[in-house]
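Visitor: Please work out how this folds:
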Amino acid sequence: MSKQNGQYDNGAYGKRNSKKRYVTYRKAPKKKSLQPPKVKESVRIAFLGGMNEIGKNMTLYDYKESMFIVDCGLAFPDADLPGVDIVIPDFTYVEENADKIRGIVITHGHEDHIGGLAYLLQKVNIPIYATKLTIGLIKGKLEEHGLLGSSKLIELKPRDNITLGDFNIELIHVNHSIPDAVGLAIRCAAGTIIQTGDFKIDTTPVDGDMIDLTRFADFGKKGVLALLSDSTNAERPGYTTSERSVGDSFELLFRKAKNKRIVVATFASNIHRIQQIMDVAKSMDRKVAVIGRSLENLVNVGSELGYLNVPNGLLIDINSIRNYPDDKLLIITTGSQGEPMSALTKMAFGEHRKVSVTPNDYVIISATPIPGNEKMVGNVVNELMKHGVEVIYEKMYDVHVSGHACQEELKLMLGLTNPKYFIPVHGEQKHLQKHALLAEAMGIAKENIYIGTIGDRIELSADGIKPLEGVTSGEVYVDGLGVGDVGNIVLNDRKKLSKDGLVIIVATIDRESGYIVSGPDVVSRGFVYVKENEDLMSAAKALAYEIISDSYDKRYHDWNSLKSLLREDISKLMYEKTKRSPMVLPILMEI
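Guide: Okay, here's the model as predicted:
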């Protein structure tokens, strides 16, 4: 040891004062870590449906080398899709990653969540996980498409856990307008994501099982990375009314019907509503007949699996309703949205083969019109009233409650789960935006809220939400047995035909000489009534004859050019005379 300035040097790590006899130490410098900084785990989500729309819900989760899907629904076409039966998601991205997909988890049995499954399984055969009733409804759909034997269906119950690759998923019971609905807690190393599915908070549910708020709160305490929540009723303040309240309204209305025959139109999927209708009918000694294929299927599946209690002797076949007086009958039917092919619409317009309405009928429409369907429902109501039928509809009585959470319930879900990030789903843009504002009011930072659209793909980690390159997505139209063979060109033709009609130019031409052997004849369909527009038809014939004759001299058998000229010039003539532009279809035959 050396002495410096009256002190002893103890080396690099300490000094001792010779007079006071104590040692002081300096901390050794930290060694630099050779380990790279820990990378925060991230999980990716692709939205294939259910964003900026009501219907065809489908979400794909992706972590490391594992993927799984939540729901695969359909949407029903609107007036802009003439002739289309249903609309399903585009499965291209799923097909491209088929080897990574471990399964599909279904939240509940409504068409907008299960309606696309049969079409998906035709392309990618993956296991399906769902609750008992949902599995029962899926089986019926797969059987129709001949896929039941080759499909793997795994039945689960709330609070069950399944492992799909690098994901662990727990089912959480929620209230909705169909039993056995669940939300999902999706866990991986990146964190926990809660997807609520369709839900509301019903403290007095018909089936007696209240939403499992405790489990949502448990996950909230442990930490939730992101919440994906139902936005359908985000514009509605307050709470959604309990389904049980509808039963009280039915009892009141059924008594008011007195000696009349009662007809109730409701959503085919609402087992709780159907149960209450049957319970009140039983108490008033009325027999129940069910009309509508989807409704009959739900009653069969629901009663078979124990979700619908149908007393012996209550149900009768629709063909036997003539054997009972009106005051002993109640008919449950489809058509609450005024659908053109539904049973109620056919009854109203006198087209149903088994049921004819009379002034002694008492009709209850137990549903609120979906936006866009108001006119169709109004037409049915008007037609029923023309027959002297008493009709109860919309807000006249509490004959319908929603299956989706209103603002206070949505805020409660946000508060219980306390997510770092929030993604509103299942709604149009106005619903998503309103739900985002609720989340902001609950204290979630605006930069932690993501409003997406179909085809978006995002990455979630503790560092933030990162938009990624979008995926192939969109709508696939199902028309009869055709899937995806109806595109924009076909739809535009259909719209044009429905708007302005069709004019057909028919002529027979000699192949060698180019002379007109027969015609041209002009046929109108959906454009003008020929007998009242003979001058217009004659002008069109003369113009067609002139075009065909001149074209032979100038274009030497160029039939494509000839048809184009006919379309252009006949269209100009029709617009000049009528200010309408029908589709012009030249049919030229050669002999």
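Visitor: rest of the way, CA atoms for contacts and neighbours
Guide: Will do.
Visitor: Let's verify V503: helix, strand, or coil?
Guide: Under DSSP: H, G, I helix; E, B strand; the rest coil, V503 falls in the strand class.
Visitor: so how many other residues sit close to it?
Guide: V503 has 26 neighbours, counted by other Cα atoms under 10 Å.
Visitor: same check, this time on S561
Guide: 12.
Visitor: What is the host helix or strand of it packed up against?
Guide: Assigned by DSSP states H and E, S561 belongs to helix 559-578. When contacts are defined as 3 or more Cα pairs under 8 Å, 6 or more residues apart in numbering; DSSP states H and E, helix 559-578 sits against helix 534-555, strand 583-590.
Visitor: looking at the ones you listed, which is buried most?
Guide: Of all the helices and strands packed on helix 559-578, strand 583-590 has the most neighbours on average by mean count of other Cα atoms under 10 Å, namely a mean of 18.
Visitor: List the pairing partners of that strand within its sheet, with orientation.
Guide: Here strand 583-590 is paired, per DSSP bridges, with strand 502-509 (parallel).
Visitor: thinking again about what came up before, with respect to V182, which of the helices and strands packed on helix 559-578 lies nearest?
Guide: Among these, strand 583-590 comes nearest to V182, with 50.1 Å by Cα to Cα.
Visitor: tell me the contacts of T358?
Guide: Neighbouring residues of T358 by Cα atoms under 8 Å, 6 or more residues apart in numbering: H387, G388, V389.
Visitor: Can you give me every residue that contacts E534?
Guide: Not one residue lies near E534 by Cα under 8 Å, 6+ apart.
Visitor: Just the local confidence number for it, please.
Guide: Predicted confidence (pLDDT) for E534: 74.
Visitor: how about the strands in the stretch 301-450 of the chain?
Guide: According to DSSP state E, counting those that start in this stretch, the stretch 301-450 of the chain carries its strands in the segments 315-316, 329-333, 361-365, 390-392, 419-425.
Visitor: Out of those strands, the one nearest K40 is which?
Guide: Comparing the strands of the stretch 301-450 of the chain under Cα to Cα, the one sitting nearest is strand 419-425, at 15.1 Å.
Visitor: So, low pLDDT: which residues of the protein?
Guide: 1-39, 78-84, 370-372, 394-399, 479-498, 511-514, 528-532, 551-559 (pLDDT under 70).
Visitor: hey, which strand is longest across it?
Guide: Ranked by residue count under DSSP state E, the longest strand found in the chain is strand 516-525.
Visitor: residues making contact with it?
Guide: Residues from elsewhere that reach strand 516-525 (Cα under 8 Å, 6+ apart): 501-510, 530, 537, 540-541, 544-545, 548-549.
Visitor: What's the end-to-end length of stretch 459-473?
Guide: Start-to-end span of stretch 459-473 (Cα to Cα, to the nearest Å) is 18 Å.
Visitor: any idea how far it is from the chain center?
Guide: From the chain centre to the centre of stretch 459-473 is a distance of 23 Å (Cα atoms, centre = their mean, to the nearest Å).
Visitor: residues of it that come out buried?
Guide: For stretch 459-473, burial by neighbour count (16 or more other Cα atoms under 10 Å) applies to E459, L460, S461, I465, V471, S473.
Visitor: Now do that stretch: everything it contacts.
Guide: By Cα under 8 Å, 6+ apart, stretch 459-473 touches 40-46, 48, 89-93, 190-191, 225, 421, 448, 450, 454-458.
Visitor: hmm, 10 Å instead?
Guide: Contact partners of stretch 459-473, identified using Cα atoms under 10 Å, 6 or more residues apart in numbering, comprise 40-49, 62-63, 89-94, 96, 189-191, 193, 225-226, 420-422, 447-450, 452-458.
Visitor: for the helices and strands packed on helix 559-578, which one sits closest to H113?
Guide: Proximity to H113 (Cα to Cα) singles out strand 583-590 among the helices and strands packed on helix 559-578, at 38.4 Å.
Visitor: orientation of the closest one relative to strand 516-525 in degrees?
Guide: Between strand 583-590 and strand 516-525, the angle comes out at 150 degrees (axes from the mean of the first three to the mean of the last three Cα atoms, to 10 degrees).
Visitor: Cool, thanks, signing off.
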